[in-house]
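Colleague: quick one, fold the following:
(one chain, ligands or ions: 1)
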Amino acid sequence: MAILFENALVVTLEKQKPILEGQQLVVDQGMIAAMGNRIKTERFEINERIDCSGMIVMPGLINAHSHLTEILQRSLRDNVRMEIWRGYRVLTEEMANLCPEEIGAAAELACAEMLKNGVTAVVDHFSTSPGLSVAKMRAILTAFEKTGIRGVIAPSLRDQDFVQMLASRSPRRKLSKSKSDGSWQEEVVAVLDHLRKSSKIAALVIGPSSPLNCSDSLLQEAITMAEKYDVGIHTHLLETRLQRWAARKLYREGLGMRLKRLGFLSPRLSAAHGVWLDEREMDLMASSSASVVHNPASNLKLGSGIAPVIELKRRGVNVALGTDGGDTSDSYSIFEQMRLAAFLSRVTTENSDRWITALDALKMGTQNGAQAILPWRGKIGRIKTGYRADLLILRPNLRLHPLNDVVHQLVFCEGGQSVDTVLVDGEVVVRGGRLTRVDEEAIIRKVEPISKKMQRYYERIKERSNRATSTIQRLYQRAFKDERGPFDELRVTG
Ligand SMILES: [Zn+2]
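Modeller: Take a look at the predicted model:
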């Protein structure tokens with residue numbers, strides 16, 4: 001039961017030959033079994049031939065950081081900073097008190113959008129208020145299985161609140177009292193057991209929300225469990241100026257040194273954002289072989305800043321791409337993140353030799369994403385014999401014509417409109433631009449009333465005078481005074 005692709009223009013992203021023309025490619029048992037100009041196909045039981053003349057075959061895109069259920073609150077807010085945005089998001093979620101079916105429907109919609117736009121693998125840093133449960137986590141895993149996307153769930157853990165600590169009179173004393181009760185571990189083990197028995201395309205990594213919202217004991221528990229079960233760790237790291245400021249206020253040794261002391265920095269770790277990493281912390285990320293997941297759209301929308309991607313790259317840090325949630329970046333498109341990553345690098349350094357090229361950006365959206373997430377490392381992200389068959393066939397739309405330079409145009413022209421066929425683990429999950437496993441219209445119909453309900457709750461809370469919001473605004477004023485950013489000279493105050 002194999003598929004033979006013929007006359008394929010293959011995007012390999014290898015340095016010497018990033019593009020190969022006239023290729024034959026065999027996908028067998030979920031794997032890329034053979035590729036070349038002329039391969040011996042007799043040894044395979046070919047039951048489907050796909051003529052790829054005039055098409056582009058490329059690795060599936062990898063969304064290494066997102067929040068799927070945030071699609072329900074898509075585009076509800078504008079002009080708010082991250083911590084204020086989060087307050088509204090959590091309050092709205094608490095009022096809605098989503099059940100597993102509603103969570104599953106939201107995740108299916110996000111997965112459907114991603115697959116149709118060429119994303120074949122996603123990390124869902126999953127949080128929901130009030131609280132996680134095995135049933136809710138399984139609803140996310142079911143959405144992966146139903147739609148056919150390769151998915152990793154990173155259940156979000158937290159046991160302290162850095163904003164509350166900062167707002168208190170003695171933040172460090174408050175910090176010393178914070179300690180995990182360990183209650184999360186049983187649920188995560190139950191999900192791990194379920195996954196080991198039942199899934200080829202879904203996996204779990206441990207997901208401390210952010211080191212600022214986790215006590216030392218919780219981070220230690222996360223490390224111990226990751227080592228015991230040999231799984232990855234995923235977190236948010238220094239996303240905003242307020243977090244940078246908080247880290248200096250709360251941890252005398254510095255946040256980077258705290259994480260190093262705890263053993264948190266390791267090749268298991270993928271850290272989202274990293275906008276406010278300082279030089280020393282970037283060195284620590286490099287020396288510990290941890291990865292950073294760049295989320296340019298979300299960072300721009302929330303005014304968080306621009307991540308130091310060129311500096312990280314110069315140090316050899318693996319940088320992947322993520323979309324973050326459906327509310328903070330409004331889409332789950334990795335084509336969009338690749339373009340933004342390339343563009344933004346051009347305003348962060350004057351030296352054009354160091355800008356992120358189209359080839360760099362395409363690697364960030366594919367092989368770097370695989371490298372960042374432990375269960376995917378060495379298995380996906382490339383079109384290469386022995387890798388799992390997660391790949392896209394693009395039928396070039398008008399934005400790709402004339403096709404002068406495939407790699408450049410995939411980053412600077414393409415937006416997902418050309419995605420015709422998508423394979424995940426060797427299975428066709430999008431054909432002719434349509435999802436093969438699920439009914440897109442039915443998912444939309446299921447999600448609509450849930451989203452409307454949340455919109456109503458949000459309308460109720462947004463006008464209320466909110467003490468937490470004014471506290472965050474006050475703290476930001478202090479952070480702006482103390483923490484200088486690279487683009488502060490452009491800032492107009494008042
Ligand atoms: Zn996030």
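
Colleague: for the residue nearest to Cys52 when sequence neighbours are not counted, grab phi and psi.
Modeller: Distances taken as CB to CB, 6 or more residues apart in numbering place Ala8 nearest to Cys52, at 4.0 Å, with adjacent residues excluded. For glycine as for every other residue, the C-beta is placed from the backbone atoms N, C-alpha and C. When quoted as degrees, to the nearest 10, the phi and psi of Ala8 stand at phi -90, psi 140.

Colleague: so what's Ala8 bridging to?
Modeller: When bridges are called by DSSP bridges, Ala8 pairs up with Gln23.

Colleague: closest to the centroid, which residue in this structure?
Modeller: Taking CA atoms, centre = their mean, the centroid of the chain lies closest to His65, which sits 1.5 Å from it.

Colleague: with adjacent residues omitted, what lies nearest to that residue?
Modeller: Gly322 (2.8 Å).

Colleague: quick one: the strands in the stretch 301-450 of the chain, in order.
Modeller: 318-321, 324-325, 391-394, 419-424, 427-431, 434-435 (DSSP state E, counting those that start in this stretch).

Colleague: and the contacts of the third one?
Modeller: Residues outside strand 391-394 that contact it (CB atoms under 8 Å, 6 or more residues apart in numbering) are 5, 32, 50, 52, 55-61, 118, 120, 383, 400, 414, 418-423.

Colleague: partners of it in the sheet?
Modeller: Sheet partners assigned to strand 391-394 using DSSP bridges are listed as strand 56-59 (antiparallel), strand 419-424 (antiparallel).

Colleague: show me what the longest helix seen in the chain is packed up against.
Modeller: Taking DSSP state H as the criterion, the chain has its longest helix at helix 440-462. Counting contacts by 3 or more CB pairs under 8 Å, 6 or more residues apart in numbering; DSSP states H and E, helix 440-462 is packed against helix 82-96, helix 100-116.

Colleague: so which elements touch the longest one?
Modeller: In terms of contact count using 3+ CB pairs under 8 Å, 6+ apart, helix 100-116 is assigned the packing partners strand 119-126, helix 134-147, strand 419-424, strand 427-431, strand 434-435, helix 440-462.

Colleague: if we use 6 Å, what do you get?
Modeller: Helices and strands touching helix 100-116, by 3 or more CB pairs under 6 Å, 6 or more residues apart in numbering; DSSP states H and E, are helix 134-147, strand 427-431, helix 440-462.

Colleague: so which of those comes closest to Lys17?
Modeller: strand 427-431 (26.9 Å; CB to CB).

Colleague: run the chain-centre distance for the closest one.
Modeller: Taking CA atoms, centre = their mean, to the nearest Å, the mean C-alpha location of strand 427-431 is offset from the chain mean by 22 Å.

Colleague: output the one helix or strand in the chain whose mean pLDDT sits lowest as PDB, restricted to C-alpha atoms.
Modeller: When the helices and strands of the chain are scored by mean pLDDT, DSSP states H and E, helix 171-177 comes last with a mean of 75. Extracted in PDB, the C-alpha atoms of helix 171-177 (Å, rounded to 0.1, in the frame of the first residue of the first chain):
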ATOM      1  CA  PRO A 171       7.300  40.200  46.300                       C
ATOM      2  CA  ARG A 172      10.300  38.100  47.300                       C
ATOM      3  CA  ARG A 173       8.800  37.000  50.500                       C
ATOM      4  CA  LYS A 174       5.600  35.900  48.700                       C
ATOM      5  CA  LEU A 175       7.800  34.000  46.200                       C
ATOM      6  CA  SER A 176       9.500  32.000  48.900                       C
ATOM      7  CA  LYS A 177       6.100  30.700  50.100                       C
END
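
Colleague: what are the contacting residues of it?
Modeller: The contact list for helix 171-177 (CB atoms under 6 Å, 6 or more residues apart in numbering) reads Met165, Ser168, Lys249, Leu250.

Colleague: out of those residues, which one has the weakest pLDDT?
Modeller: Taken together, these show their lowest pLDDT at Ser168, with 85.

Colleague: quick revisit: going by neighbour count, which residues of the least confident helix or strand of the chain are buried?
Modeller: Lys174, Leu175 (16 or more other CB atoms under 10 Å).

Colleague: in a helix, Leu76, correct?
Modeller: No - going by DSSP: H, G, I helix; E, B strand; the rest coil, the assignment for Leu76 is coil, not a helix.

Colleague: can you pull the contacts of the nearest residue in space to Leu340 that is not next to it in sequence?
Modeller: Take Leu340 and drop its neighbours on the chain: the residue closest to it by CB to CB, 6+ apart is Pro296, 3.8 Å away. Listed by CB under 6 Å, 6+ apart, the contact set of Pro296 reads Gln337, Leu340, Ala341, Leu344.

Colleague: relative to Ser210, which of these is nearest.
Modeller: Once CB to CB is applied, the member of these that ends up nearest Ser210 is Gln337, at 20.4 Å.

Colleague: the closest one and Ala272, how far apart?
Modeller: Distance of Gln337 to Ala272, given as CB to CB, to the nearest Å: 12 Å.
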